[in-house]
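Asks: the sequence and its predicted three-dimensional model are supplied below.
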Amino acid sequence: MTVKCHSSGRPIRLFGRRISKDELHNYIKKLIDNEEITQTCELSKRIGKQPRQIRRIMIEMESRGLIEFNQKGRLLKTIEKKNRDEYEFVSKKEFVKKPEIQKWFNDCILRDVKISNIRNMINQVKDVCDTLKVTPAQMIISKRVAVEIWKNYMIHFKLNHPNKTTGSRRVAMRNFLASHDIIFAFGMGKQYGLGSEHDRYATHAGVCLDIDSITKMGSLMMHERDFESYVWFRIGLRTGARSSAISSMTWERINLDKDNFWLEQFEIKDKRGQTHMTQKGEWKKKYPPEDLRQVLLFWRSITNNSKFVWFEDQKTDAENLKELTRIRNRVIPKLKEHFLKIESKVDPNTREYAKKRIGHLLRHTFAQLLKNSGVSSDKIAHAGGWKTTQIVDTWYTTISEEEQKKMKLNLENIECISDIEREKITERNECLNLQVIHN
DNA sequence: TGCTCCTGTGGAAACTTCCT
DNA sequence: AGGAAGTTTCCACAGGAGCA
């Protein structure tokens, strides 16, 4: 009924003045475009009409193509708007308004630290303040005071949480202190419990799904017709990519030609200057085996996504980035479910890791299986997109037992026994033989 | 004294899980 | 669902050890 009324073109009041529907639409569009207001309630306040009424007008505007909605019927946000919202959210907090934290916050922004990481660090330092009932200003009176406060906090923390890691807290505290010129010479932070050593250095090197478990997991997924997980699983095992790189794959970056099969994945962990969906990172070109080409052909045949491998294009980068999270949150728990059905057959270290990070286990498996088959670390580093072999050797792979046994054989073939030792060994063996005969 | 090799250190990004 | 809390990677370089 209301729609009918509007379609007749009856004038609408805006701030008491009679205007046409077009004029109202234009007014709202200006608010959305110029002031980046995307919330219905916020618009309703600005215009002085009920949110429900605004909502109806917005639906009309959408049908006329003036504005765009995402799949949930909300106004599309741009990535710039999303970022500004996040910065605003953090800077509005009481703790961040304190001048010492404000300065630190600004320093982080200047250094291009990601807002999510800034927020994490601020919360860590806030915990120190809350625990010991001190203010940020009190913490930075002097280096001595800062160290004393930190020591007290660590004692309290370790007594209450003996099993929790402390690395990120140490880094956050140092970061905060550095903003106020309290810095430690290289290697000296450790003396005050403020070193940056890793909590668990490379404890998961060598975790790897064996071929048998891989086959079983794959069969389970296919049997349950969980094709999405299966395709993800196979891409992970064949490319060694991180979950963010898998989830952001696009069809245009995949060449499915039989004789020239390659694909590109966008890794964001290091900012290298290239951009994909507004994130900085680097495209890595990979040449996976034919079996993955078949899997991808199959996946394309049962899905209709034209741009992205995993989801429909959501029109803006901000919305697409949300989709990356969604697909990850959907697939990885499913992978874990499948894993739990075969877990008893996997070695303990791998099992423990798989329960924590099944998605990343695929990357570990990729590296370790290549290592087991005799591929050198620098080639693995190149294939998996690591900058150097350091990470491959320390965090991912160990020399397999099989390789060590092979080396043993090699060593046995290299003579290094003196004549005297050889004679003694022969004598001893003869003695033993005699004893055996006597017994 | 200067070179190479190697490990430790620093800083932070990515990611998972917990909580509301 | 989204933020807070917590865990695991990742790169790059400082600086010590060994050597000529």
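Replies: The structure has been received and is ready for your questions. A quick note: this is a predicted structure, and the numbers were derived from the prediction, not measured.
Asks: which secondary structure element is home to the residue positioned nearest the centre of chain A?
Replies: Ranked by distance to the mean C-alpha position of chain A (Cα atoms, centre = their mean), the top residue is A:Ser244 at 5.9 Å. Element membership for A:Ser244, per DSSP states H and E: helix A:243-247.
Asks: next structured bit after the helix or strand harbouring A:Ala178?
Replies: Using DSSP H and E, A:Ala178 maps to helix A:167-179. Scanning forward in sequence from helix A:167-179 by DSSP H and E, the next helix or strand is helix A:211-223.
Asks: quick one: buried residues of that following helix?
Replies: A:Ser213, A:Ile214, A:Lys216, A:Met217, A:Gly218, A:Leu220, A:Met221 (16 or more other Cβ atoms under 10 Å). No exception for glycine: its C-beta is placed from N, CA and C like everyone else's.
Asks: cool, and stretch A:126-146?
Replies: Neighbour-count burial for stretch A:126-146 [16+ other Cβ under 10 Å]: A:Lys126, A:Val128, A:Cys129, A:Val134, A:Pro136, A:Met139, A:Ile140, A:Ala146.
Asks: if we can go back for a sec, ok, residues contacting the next helix or strand after the helix holding A:Ser244?
Replies: For helix A:243-247, the following helix or strand on the C-terminal side (DSSP H and E) is strand A:254-255. The contact list for strand A:254-255 (Cβ atoms under 8 Å, 6 or more residues apart in numbering) reads A:Phe261, A:Trp262, A:Leu263, A:Glu264, A:Leu296, A:Val309.
Asks: rewinding a little: contacts for the helix holding A:Ser244, please.
Replies: A:232, A:235-236, A:239, A:265-268, A:284, A:310, A:323-324, A:327-328, A:332, A:359-360.
Asks: those residues of the stretch 301-439 of chain A touching DNA strand C, which are they?
Replies: The stretch 301-439 of chain A has residues A:322, A:356-357, A:360, A:363-364, A:385-388, A:390-391, A:395-396 near DNA strand C, with proximity defined as Cβ under 7 Å from any atom of the strand.
Asks: contacts with DNA strand B among the contacts of helix A:243-247, please.
Replies: A:Ile268, A:Arg328, A:Ile332, A:Gly359, A:His360.
Asks: what pLDDT does A:Ile425 get?
Replies: Here the pLDDT value assigned to A:Ile425 is 85.
Asks: tell me the secondary structure for the nearest residue to it once chain neighbours are set aside?
Replies: Spatial nearest neighbour of A:Ile425, excluding adjacent residues (Cβ to Cβ, 6 or more residues apart in numbering): A:Ile417 at 7.7 Å. Secondary structure assignment for A:Ile417 (DSSP: H, G, I helix; E, B strand; the rest coil): coil.
Asks: and A:Glu423, by the same measure?
Replies: helix.
Asks: tell me, how many residues neighbour it?
Replies: 11 (other Cβ atoms under 10 Å).
Asks: kindly report the same for A:Trp395.
Replies: Quick note: A:Trp395 (other Cβ under 10 Å) scores 17 neighbours.
Asks: okay, A:Tyr27 and A:Asn152: tell me how far apart.
Replies: Distance from A:Tyr27 to A:Asn152, counting by Cβ to Cβ, to the nearest Å: 58 Å.
Asks: before we move on, the earlier item: can the helix holding A:Ser244 be found next to DNA strand C?
Replies: No: figure legend: helix A:243-247 not in contact with DNA strand C (Cβ under 7 Å from any atom of the strand); closest approach 9.8 Å.
Asks: buried residues in that helix?
Replies: A:Ser243, A:Ser244, A:Ala245, A:Ile246, A:Ser247.
Asks: and DNA strand B, which of those reach it?
Replies: Applying Cβ under 7 Å from any atom of the strand to the buried residues of helix A:243-247, those adjacent to DNA strand B are A:Ser243, A:Ser244, A:Ala245.
Asks: got those residues as TSV, with pLDDT columns?
Replies: TSV is the format used below for these (pLDDT from 0 to 100):
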residue	pLDDT
A:Ser243	92
A:Ser244	90
A:Ala245	93
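Asks: between the residues you listed, which is nearest DNA strand B?
Replies: When these are compared for distance to DNA strand B (Cβ to the nearest atom of the strand), A:Ser244 comes out closest, at 3.2 Å.
Asks: before we move on, the earlier item: determine which two of the ones next to DNA strand B among the contacts of helix A:243-247 are furthest apart.
Replies: For these, the farthest-apart pair by Cβ to Cβ is A:Ile268 and A:Ile332; their separation is 17.0 Å.
Asks: how far away from the center of its chain is the helix holding A:Ser244?
Replies: Distance, stretch centre to chain centre, for helix A:243-247: 8 Å (Cα atoms, centre = their mean, to the nearest Å).
Asks: extract the CA atoms of that helix and return them as PDB.
Replies: What follows is helix A:243-247, C-alpha atoms only, in PDB (Å, rounded to 0.1, in the frame of the first residue of the first chain):
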ATOM      1  CA  SER A 243      44.400 -20.800   3.800                       C
ATOM      2  CA  SER A 244      44.200 -17.100   2.900                       C
ATOM      3  CA  ALA A 245      45.900 -17.800  -0.500                       C
ATOM      4  CA  ILE A 246      43.600 -20.700  -1.200                       C
ATOM      5  CA  SER A 247      40.400 -18.800  -0.300                       C
END
